[in-house]
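Student: Build me a model:
(one chain, ligands or ions: 1)
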Amino acid sequence: MAKPLIQLALDSLDYEQTVALAEKAAPYVDIIEIGTPCLKVNGLRLVKHLKGQFHNKRIFADLKTMDAGAYEAKPFFQAGADITTVLGTADLSTIKGVVEAANAYGREAQVDLINVADKPKRAREAVEAGAHIIGIHTGIDQQLAGQTPFADLQTLLNLHLNAKISVAGGINLATVQQVAKAGPSIIVIGGAITGAACPETAARQIRKLVDEASA
Ligand SMILES: O=C([C@H](O)CO)[C@H](O)[C@H](O)COP(=O)(O)O
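Tutor: Below you'll find the model as predicted:
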């Protein structure tokens with residue numbers, strides 16, 4: 001089974017704390033995500049910093065773009081982001097704009113299906129528009145209401161789309177192997193690492209569990 005990439009989601013608002021968490025978990029992850037709240041507070045400066053410090057990792061800027069796709073994404077690709085996100089609920093022209101910007105810089109566009117009603121339909125349209133990654137995502141507020149991304153992940157994987165599938169939303173030490181065995185390309189882990197008593201230990205454990213599940 002192909003080994004999924006592990007994406008660390010950083011959702012602290014504090015610049016220094018975000019860099020410190022990235023330093024602790026970086027040896028065990030493939031992609032470093034600047035989560036939307038963190039990106040809104042810390043912006044392009046943090047993208048440049050993390051790309052400079054972790055040049056062998058992919059940097060994910062979780063823009064969740066809703067309009068002006070290319071215009072919003074371009075400065076983040078110029079600053080070193082390898083992947084930016086656009087909302088699946090956006091107009092298809094906005095999704096195409098982010099895809100075009102990503103292609104112009106040799107990077108990737110992820111379409112986030114958070115809050116999309118008909119996920120298979122939108123995922124097919126996004127892939128048709130050139131999206132490189134489709135994100136199954138149960139948001140933090142939805143997690144608080146008891147929702148999980150597992151059923152939607154399986155639905156999307158069953159479509160066998162010509163794009164990578166990423167999954168996010170409350171994945172932790174207890175669930176990461178079940179997720180890895182389902183076969184996504186990318187598994188996103190936020191709070192289970194950043195909120196752990198020892199983030200470095202949690203990241204190492206996640207890496208081990210994913211490697212075991214996909215061996
Ligand atoms: O994308 C996220 C959220 O919308 C805030 O930016 C999170 O980074 C993502 O859900 C992963 O975090 P956890 O759910 O804590 O694993």
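Student: How many residues are close by Tyr71?
Tutor: By the criterion of other CB atoms under 10 Å, Tyr71 has 13 neighbours. Where C-beta positions appear, they are placed from N, C-alpha and C, glycine not excepted.
Student: Residues touching the helix or strand encompassing Ile187, excluding its own?
Tutor: Using DSSP states H and E, Ile187 maps to strand 186-189. Contacts of strand 186-189 with the rest of the structure, by CB atoms under 8 Å, 6 or more residues apart in numbering, involve 4-9, 29, 31, 33, 133, 137, 164-169, 171-172, 176, 179-180, 203, 206, 210.
Student: can you check stretch 32-49 too?
Tutor: 7-13, 15, 18-19, 22, 26, 50, 54, 57-64, 75-76, 79-81, 188, 190.
Student: buried set for that stretch?
Tutor: 32-36, 38-39, 42-43, 46-47, 49 (16 or more other CB atoms under 10 Å).
Student: before we move on, what about stretch 90-102?
Tutor: Here stretch 90-102 shows 90, 94-102 as buried, counting by 16+ other CB under 10 Å.
Student: Pick the one among those closest to Asp112.
Tutor: Of all the buried residues of stretch 90-102, the one sitting nearest Asp112 is Ala90; the distance, using CB to CB, is 9.5 Å.
Student: That closest one: what's it in contact with?
Tutor: Counting by CB under 8 Å, 6+ apart, Ala90 makes contact with 65-67, 69.
Student: switch the cut-off to 10 Å
Tutor: Neighbouring residues of Ala90 by CB atoms under 10 Å, 6 or more residues apart in numbering: 64-69, 96-98, 111-112, 126.
Student: now do Val179
Tutor: 4, 148-150, 153, 167, 171-172, 187-189, 209-210, 213.
Student: does it sit in a helix or strand, and which one?
Tutor: Here Val179 is assigned to helix 176-182, by DSSP H and E.
Student: Any buried residues in that helix, and which?
Tutor: Buried residues in helix 176-182, counting neighbours by 16+ other CB under 10 Å, are found at 176, 179-180, 182.
Student: Can you name the residue of this protein nearest to the ligand?
Tutor: Scanning the chain for proximity to the ligand using CB to the nearest ligand atom identifies Gly190 as nearest, at 2.4 Å.
Student: count of neighbours near the residue nearest to that residue when sequence neighbours are not counted?
Tutor: Nearest non-adjacent residue to Gly190, counting by CB to CB, 6 or more residues apart in numbering: Ala9, 3.4 Å away. Residue neighbour count, defined by other CB under 10 Å, stands at 24 for Ala9.
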